[in-house]
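> Mind looking at a prediction? Sequence and model below.
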Amino acid sequence: MTTKRREATRERLVEAARGLLAEIGIQGATVESICERAGFTRGAFYSNYASKDELILDIFGREKVQMIALMQSAVDSEMGKTGDVDGVPAALRAVDRFLAAYPRDRRSFLVHLEFVTHGIRERAVAEVYREVWIETREDIQRVLERGVELLGGRLLVTAEQAVTLLIGAYELAMRDALLQSDAAEADLAQLEELIPALFAALVAQD
């Protein structure tokens, strides 16, 4: 199988698995059901992934790369701008765009919760997920530190603490929004209201 064809196969398996994870969870999404939705045989699956857990980790890794790239782009977009735009400081706009890089759709959040639940439930894979999650947090910390530095600010807490607060605020806002509505995408008005307070609490402008 050529590299291009293999990647196309993996993309279809990943997309099929993501849909099933959101609909019926990791336990319910069997290799057979993933193959059926993707339109492949078990042989095609096992020629690309050694197990369902390997596929799940690939999904986690892909989403991590996409999220970090969006966050980096959000920070970079404000780097050359100074002063206020519509009364909003450049630094605060960067924080706003940084948080906006998090996915807001119901399916992505459900898949994220499945990652967490599976890692907690299955001790055999918990350490692997934990290592990937630690890497993800460290990547977010680096983006945050770079953004704050380039914007001429200074964190009043450690980058690790700041990321913990940002992720916590995001997950709380997503949970509340999705429990209040059946919409496919969460209304994160609560998070948007928190952004100025988070910025003031976490960053000093030197």
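Arrived safely, thanks for sending. Residues are numbered from 1 along each chain as shown.

> what about the longest helix in the protein?
Identified as the longest helix of the chain according to DSSP state H is helix 123-150.

> Quick check: mean pLDDT of it?
What helix 123-150 shows for mean pLDDT is 81.

> just stretch 175-191 next, same as before
Per-residue pLDDT values across stretch 175-191 average out to 88.

> Start and end of stretch 114-127, how far apart?
End-to-end distance for stretch 114-127: 16 Å, by C-alpha to C-alpha, to the nearest Å.

> quick check, distance from it to the centre of its chain.
Centroid separation for stretch 114-127 versus its chain: 17 Å, with C-alpha atoms, centre = their mean, to the nearest Å.

> list the buried ones in the helix or strand Ile167 falls within?
Using DSSP states H and E, Ile167 sits within helix 159-180. Neighbour counts using 16 or more other C-beta atoms under 10 Å place 159, 162-163, 166, 169-171, 173-174, 177-178 of helix 159-180 among the buried residues. Where C-beta positions appear, they are placed from N, C-alpha and C, glycine not excepted.

> which other helices and strands contact that helix?
helix 90-100, helix 106-121, helix 123-150, helix 189-202 (3 or more C-beta pairs under 8 Å, 6 or more residues apart in numbering; DSSP states H and E).

> By mean pLDDT, flag the weakest helix or strand of the protein.
Every helix and strand in the chain was compared by mean pLDDT, DSSP states H and E; the lowest is strand 84-85, with a mean of 48.
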